Structure formats: structure tokens, C-alpha cells
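test case, fold it:
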Amino acid sequence: MSTSIHRSVILNWVGLAFRMGASFVLLPYIVARIGENGYGSYLVLVAAFGYSEILDFGLSAAIVRYVARMAATGEHERLNRILGAIFRFYFLLAALIVAAATLAWLFPQPWMRPQGAEPRFPFYIFLFGLLSASTFFQVGWKWILRGRERYDLSNVIDLAGLVVRVATILGLLHAGAGVLAVVMADLLESLVCWVGHWLVTRRLFPEIRPQWRHTQDEGLGEVRRYSVWVFFNQISDQVRFRTDSLVIAWARNTSDIALFGVAARLQSYLLQATNLMSVPFRSRLSYLDGAGDWDGVRALYLRGVRLVSFTGFALAGALFLHADPFMRAWMGPSFASSARILRILLPALAVEMSQIVSVVALYATGRHAMLAWLTLGEALTKLGLSLVLVRPLGIEGVALATAIPMLLNKGLLLSSYACRSLGVGVGRWLREGLSGPLLTLAISMLLDLGIDRVWRPVALPAVMLQLVVDLIPFALLGWWLVLREEDRIRARAMLGRLRRR
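As a prediction, the model looks like this:
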């Protein structure tokens, strides 16, 4: 199973690389065609409808856990009853969201449209309602497939959706559709991914047939007890990552939303990179938990902390050093303040990424109740600080309000709680989990600073090349300081297979 985790991580990275590459190329083009106000309006829609994700009530995380656990026990009928109850709930939520979005479109109110938004904004609300409704079913079928550890197929489907999205954006922007091009692209991508995951799951796992007919099962109570804490954690995450645009819209304007949003977009891609690396660990940790193999849980947890932290530190360190020339070359001089925002966010983000496997392990083993309270405290602190700092400090104040609580929670509180809950001593966690990535980061940053003194590119291709060059010493050091001998053996074996293909 360790080999399958390595393969899944690589496939996840391939998918993310395509998505980040497409966004990297398209984002300056999109902003140039729809303007900073148009892009700011789009980010307001993303932030507002992102809150619909909390209506999932933690059930998507429950899908992964129980699909993985019941694959080991063969309880297909029980699983189908649980999935049927979840999908009935999703259908109800989708209907309510579409109804509310339709009313907002047909009977728009002045407060619904941010300053600087175009008159068609209420219609975009309706389209985002359709997008949010479809997302429930897309996520539901995706996590069924991933719960059975078929990340390869899930990534292929996601890539197909991405191709549809890129083609739609290019076609509609060329036709002069403006913000509508990006909104329609998001909707079509969601529909393609929904249908793709449904068809593949039905074909590969015919035993998985959610029972839409209402049935009673004692396991549903267990699912509800599990998912309620996931739900509270999702609420907190929405406040942590979705309120920035709304706070800035309240105190500033849509152009400032765009400046902050570009830095936040890069932050989200770094989080996605480390989240994708951690996804295979969730199903495997759930499997080991169900089998009662706690030595295996602890060993896999520490291995995940080591590998995911190494990746997160590499990406955050390279971007921190070159945030200003990168942002100027990528988005233009008018986005220079986005580099300052990125530099404020990155240290805290590196700590957040180092704790992603801790979050995954707590979810996988059902020890996530306290995680919900910790995340809620961070979210409320961040919101309060944002409201206080946005007027005197502008978007830099919002970035500080994000970074400070993140550092305190993830760097101190969550790490100690995860070690205690999983039975891993803090000393062992530091020694076997974080010491290698931290040492690699310190040495490579010193080397990269030396390179930066003699080579300061300005053009985008040269800046990108410098980022790649800066990652080389990090990768070489990590090969010896982070990877264990068994990791290096597996890496050589996989590289050998790739060369033969």
C-alpha cells in the first residue's frame, strides 16, 4: 500500500501542475479582459457562495472515512444505505440553493451588488447557485472514488473538467462575455467532473449503489456524530479563507479585492498542493484505524508530516524570496502590493501546511472534535482582527489578521493536541517529522540568498527559471535529510518504471 500512496501523490501533483499552469497563464489574461473591478466582483461571488460548502455538514469527509473502512469489512449494503441518506440530503440542499439564487436574480436588492460591479451581477448570482448545487454531487461521487483509492482516475476526470474550463474561458472572453465567461467556465467544469466521477464509479464498483429509498440504519447515527465536528471545522475554515474579500468589499473597494485576491490565489494553490499530497494518507489512516493497527497509524502519520512539510516549506520558501519580482513579472507593476500581502501570508502558511497531515490524521481516526474548537477560535480571532485592521492598515491589515492566529493555532495548539491524541511524543514528532524539513529549509534558504545576490531577473521566464533553480538545492538536501532509505528505494523504483515507459 505504500507504493500506491507514492503513485497517488505523483498523480495528484501532475493534476495540480496542470491546474496551476493553466491558472498561471490565464489569470493575467482574465484580469486584463474583465478589469480589476470585474475580477473583484467574481471573487466576491466565490467568497459568498463558498459558504454553501458548510451546508455539506461534514458529510464529504464521512464519505471518505466510511467508504475506506467498509471496503475492508465488505459491508456494501450498509454503505449503500449511508450513501443514500447522504445523497438525499444533498438533493434537498441543492434545491434550496437554486431556489434562493433564482429569487436573488429575479428580485435583486441593492445591497447584493458590491461597489463597482456590473448590472448583470444578479444573474451571476443565479449561475453561482447552480454551480454550488452541482458541487455537492460532484464532491460526493469524487470522494467515493477516492475512498476506494482510485486517485488516478479521479485526477483524469478533474483534468478533463479543467480542459473544459480553459476552453470555455478562452472562447467566451474572445466573444466579449466578460465576467460571464469565468462564471460559466466554473459551472461547466463542475458538471463535467460530477458526471465523470459518477460514470466511472458506477462502472468500476457496481456494488456501490446509494439507496435513495428511506431506510433506518444504526450506522447513520455514527456518521452524524462524526460529521457534526467536521461541519463545525468547515464553518471555521470558511471564515478563515472566505471572509477576506467580504471584509475588503465592506471597507474598501473591488480593486483592492483583486490585489488581495491574487496573493490569496497563490496561497490557495500552495495549500492545494500539500492537501493533495495528504489525501492518500486519509483513506490509508482510516483503514489502519479500522484494523486497530495503531503502530501503523503513528508511523504513517510521522511519514506524512515529514513528506508534506518538506513540500510545503520548499514552495513557501522559494516564493517568499522572490515574491516581488515574481508578482511584477506575472501580473504587472500595478500588483506590487500583492507581493507584500504574499510575504505576510507565507510564513504562517508554511506552518499551516506542516500541520495538514495532523488534521488528516485526526479526521481519519475520528479524533477531530477538539480540532473544530481550535479552528473556530482561529477563525473568530482572524475575523475580529480583520475588521479592526482593515481600515487603518488596508489589505496588509487583513493579511496580518490572517497570519497571526494561524501561527498561534497551527504552530502551538494543534501540533500539541495532535501529538497527544495520536500517542506520539512531541520530541518524536519534532525528530521524525519536522527536523529534516526544517534543516533543509534553513540551509537551502541561505544558498538561495547567495544566488539572489548575483542573479536578479526581471522578465517572467527568467524569474520562473530562478524559482526552479532555487528548488534544486532544496530537493538535493531533502533527498538525504528528509527521505528515509525506504522512501529513496521506492522513489528509485518509480523513476525506473517511468523511464521504461
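
can you pull the pLDDT of G116?
What the model reports for G116 is a pLDDT of 65.

same question, L43
Value for L43, per-residue pLDDT: 82.

count the neighbours of it for me.
24 (other CB atoms under 10 Å). (Glycine included, C-beta is placed from N, CA and C.)

quick one: which helix or strand includes it?
Here L43, judged by DSSP states H and E, is contained in helix 2-50.

same question for P108.
Counting by DSSP H and E, P108 is found in no helix or strand.

tell me the contacts of it?
Counting by CB atoms under 8 Å, 6 or more residues apart in numbering, P108 touches 121-122, 125.

mind giving me the ChimeraX select for these, buried ones only?
The buried residues among those can be selected in ChimeraX (16 or more other CB atoms under 10 Å) with this line:
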select :121,122,125
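
just the contacts of P108: which are in helices?
Among these, the members found in helices (DSSP state H) are 121-122, 125.

show me where the stretch 251-400 of the chain has its helices.
Counting by DSSP state H, counting those that start in this stretch, one finds helices in the stretch 251-400 of the chain at the ranges 254-291, 294-321, 323-331, 336-354, 356-364, 369-393, 395-408.

let me have these in CSV, extended by distance to S435.
Conversion of those to CSV gives the following (distance: least, CB to CB, whole Å):
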stretch, distance to S435
helix 254-291, 18
helix 294-321, 9
helix 323-331, 27
helix 336-354, 12
helix 356-364, 15
helix 369-393, 24
helix 395-408, 19
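
avg pLDDT for stretch 301-314?
Mean pLDDT, stretch 301-314: 91.

same check, this time on stretch 31-40
On average, stretch 31-40 scores 83.

stretch 137-155 now?
Averaged over stretch 137-155, pLDDT sits at 83.

quick one: distance of that stretch to the chain centre.
Remark: stretch 137-155 is offset 15 Å from the chain centroid, using CA atoms, centre = their mean, to the nearest Å.

any chance you could list what contacts stretch 426-446?
Here stretch 426-446 makes contact (CB under 8 Å, 6+ apart) with 302, 305-306, 309-310, 313-314, 317, 321, 354, 415-416, 419, 470, 473-474, 477-478, 481-482.

now do the next helix or strand after the helix holding L43 against helix 356-364: the angle between them, please.
Per DSSP H and E, the first helix or strand lying C-terminal to helix 2-50 is helix 59-73. Angle of helix 59-73 versus helix 356-364, following axes from the mean of the first three to the mean of the last three CA atoms, to 10 degrees, is 70 degrees.

phi, psi of P206?
Note on P206: backbone dihedrals following degrees, to the nearest 10 are phi -60, psi -20.

likewise the one 3 residues further on?
Dihedral angles phi and psi of R209 (degrees, to the nearest 10) take the values phi -140, psi 90.

hang on, it packs against N80?
Yes. Here R209 reaches N80: they are 5.4 Å apart, a contact under CB atoms under 8 Å.

what number of residues lie near the nearest residue to T402 once chain neighbours are set aside?
Nearest residue to T402, sequence neighbours excluded (CB to CB, 6 or more residues apart in numbering): K382, at 5.7 Å. K382 has 26 neighbours, counted by other CB under 10 Å.

look up how far S337 lies from K382.
The spacing between K382 and S337, counted by CB to CB, to the nearest Å, is 20 Å.

how about the helices in the stretch 51-200 of the chain?
Under DSSP H, counting those that start in this stretch, the stretch 51-200 of the chain gives helices at 59-73, 76-106, 121-147, 151-174, 179-204.

so who does G384 touch?
A401.

send me the helix or strand hosting P437 as CSV with only the CA atoms.
Using DSSP H and E, P437 sits in helix 435-454. Output of helix 435-454 as CSV, limited to C-alpha atoms (Å, rounded to 0.1, in the frame of the first residue of the first chain):
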residue,chain,number,x,y,z
SER,A,435,13.6,18.2,11.9
GLY,A,436,14.6,17.2,8.4
PRO,A,437,12.3,19.6,6.5
LEU,A,438,13.3,22.5,8.9
LEU,A,439,17.0,21.9,8.5
THR,A,440,16.6,21.5,4.7
LEU,A,441,14.7,24.8,4.6
ALA,A,442,17.4,26.7,6.6
ILE,A,443,20.3,25.5,4.5
SER,A,444,18.6,26.0,1.2
MET,A,445,17.4,29.5,2.0
LEU,A,446,21.0,30.5,2.8
LEU,A,447,22.1,29.1,-0.5
ASP,A,448,19.2,30.8,-2.4
LEU,A,449,20.0,34.1,-0.8
GLY,A,450,23.5,33.8,-2.2
ILE,A,451,22.2,33.0,-5.7
ASP,A,452,19.8,36.0,-5.4
ARG,A,453,22.7,38.4,-4.8
VAL,A,454,24.3,37.7,-8.1
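
what packs against the very next helix or strand once past that helix?
Next helix or strand after helix 435-454 toward the C-terminus (DSSP H and E): helix 460-481. Contacts defined by 3 or more CB pairs under 8 Å, 6 or more residues apart in numbering; DSSP states H and E place helix 460-481 against helix 294-321, helix 323-331, helix 435-454.
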